[in-house]
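> Predicted model and sequence follow; I will ask about them next.
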Amino acid sequence: MAQIGTDVGKAASLLRAGCLVGIPTETVYGLAGNGLDPAAVLDIFKVKQRPAFDPLILHVADARQVEPLVAEFPPMARQLADRFWPGPLTLLLDKSPLVPDLVTSGLPRVAIRMPAHPMARELLSMLEFPLAAPSANPFGYVSPTTARHVEQQLGQAIPYILDGGACQVGIESTIIGFESGQPTVYRLGGLALEAIEAEVGKVVLALNQSSNPAAPGMLKSHYAPRKTLLLGQLDDLLAQHPGKALGILSFSHDYSGSERVCRVLSPAGSLEEAAMGLFGALRDLDESAVDLILAEPMPDHGLGRAINDRLRRAAAL
Ligand code: TXA
Ligand code: MG
């Protein structure tokens with residue numbers, strides 16, 4: 001069983017020895033391994049039960065570490081890195097031969113980000129290599145936002161989990177690439193589109209809605225609890241399911257009642273707070289004695305768009 005602790009030096013030693021470690025980031029917890037070691041990368045796929053066609057993100061300590069990993073670091077990518085790193089932004093850049101094909105699932109680009117969590121930064125700065133780290137959940141399930149979440153699902157398979165507390169952003173990084181110089185967002189995430197557009201102008205949205213993520217990858221059904229989740233206006237959904245034990249995920253209004261468990265993401269109506277609590281609330285509802293989970297969409301701006309994207313995928317069958 002994995003040990004949970006705060007010993008960054010121990011995590012670094014294990015990673016240097018080729019082991020996998022659960023690590024905190026500001027977005028979600030990652031399942032980290034040496035990103036330049038194909039054996040460690042292969043282990044990540046195995047532990048996560050992740051299909052080999054779904055590529056991994058490399059995490060770096062500073063922007064200089066990007067150079068050897070990429071063929072080119074174009075000006076607009078640099079501009080975004082200068083403005084938003086460390087933080088919840090992943091850049092897709094043409095890879096160099098140094099990056100194992102396993103990391104990118106044979107694709108020509110590599111995903112890179114510099115996380116903001118102080119413990120992740122300390123760990124990365126101690127290491128001589130970037131860390132490949134997908135979210136530390138079994139493939140397809142809700143991402144972990146505490147060390148305990150990681151332990152519950154992957155604790156049998158890894159020796160150590162660094163405990164950096166609850167993730168402050170709570171949803172995964174925004175993924176952006178450049179197609180013919182045009183900034184293109186492939187995954188909505190912890191950095192709002194509005195913030196990116198304020199920096200580089202209008203971006204193209206290329207969110208993958210299909211179940212074939214050969215294009216940058218997000219499967220339609222993802223972030224999914226085991227229980228059925230229905231997404232819609234809660235008053236309507238509640239009227240349609242009388243007599244059932246219901247789990248309810250709401251934005252700011254409390255729908256508690258008998259035979260109901262309600263998680264209000266942000267009584268104050270903050271989308272940042274809602275994002276931070278989203279995955280934990282989904283897990284709670286999934287684990288409580290309810291038949292069905294009902295959720296409502298958030299206001300569709302800022303982080304609300306990324307939350308709604310997660311909820312739609314959690315609701316997809
Ligand atoms: O916030 C995050 O990004 C978290 C933390 C741990 O950093 N990581 C994360 O990784 O969400 P993961 O593996 O769960 O999601 C990475 C996504 C995948 O959907 C993958 O398909 C896409 O990034 N991706 C990675 N490399 C890519 C590439 N070379 N081309 C296209 N898409 C890529
Ligand atoms: Mg993931």
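Received, thanks. Residues are numbered from 1 along each chain as shown. Ligands and ions are numbered 1, 2, ... in the order given.

> quick one: pLDDT of whichever residue of the stretch 51-200 of the chain sits closest to ligand 1?
At 2.9 Å from ligand 1, Pro134 is the closest residue in the stretch 51-200 of the chain, using Cβ to the nearest ligand atom. All C-beta atoms are positioned from the backbone trio N, CA, C, and that covers glycine. Looking at Pro134, its pLDDT is 98.

> need the contact list for the closest residue to it other than its chain neighbours.
Spatially, and ignoring its direct neighbours in sequence, Pro134 is nearest to Leu56 (5.4 Å; Cβ to Cβ, 6 or more residues apart in numbering). By Cβ atoms under 8 Å, 6 or more residues apart in numbering, the contact list for Leu56 reads 35, 41, 44, 103-104, 111, 132-134.

> how many neighbours does Pro68 have?
As a burial measure, Pro68 scores 12 neighbours (other Cβ atoms under 10 Å).

> Pop out the phi and psi values for it.
phi -70, psi -10 (degrees, to the nearest 10).

> for Leu93, same thing?
According to degrees, to the nearest 10, Leu93 has phi -130, psi 150.

> ok, how many other residues are close to the closest residue to it other than its chain neighbours?
Residue nearest to Leu93 in three dimensions, not counting chain neighbours: Val70, with 4.3 Å by Cβ to Cβ, 6+ apart. Applying other Cβ under 10 Å, we find 21 other residues in the vicinity of Val70.

> What's the per-residue pLDDT of Val70 here?
pLDDT, read off for Val70, is 98.

> Ligand 1 contacts on the stretch 1-150 of the chain?
Contact residues, the stretch 1-150 of the chain versus ligand 1 (Cβ under 6 Å from any ligand atom): 25, 27-28, 30, 54-57, 88, 90, 92, 104, 107, 109-111, 113, 115, 133-135.

> residue contacts, Tyr223?
Contacts of Tyr223 by Cβ under 8 Å, 6+ apart are 141-143, 279, 282, 310, 313-314.

> Which of these fall within helices?
Counting by DSSP state H, the contacts of Tyr223 place 279, 282, 310, 313-314 in helices.

> that older thread, test my guess that the residue nearest to Leu93 contacts Ser96.
Yes - assessed by Cβ atoms under 8 Å, Val70 is found in contact with Ser96 at 5.6 Å.
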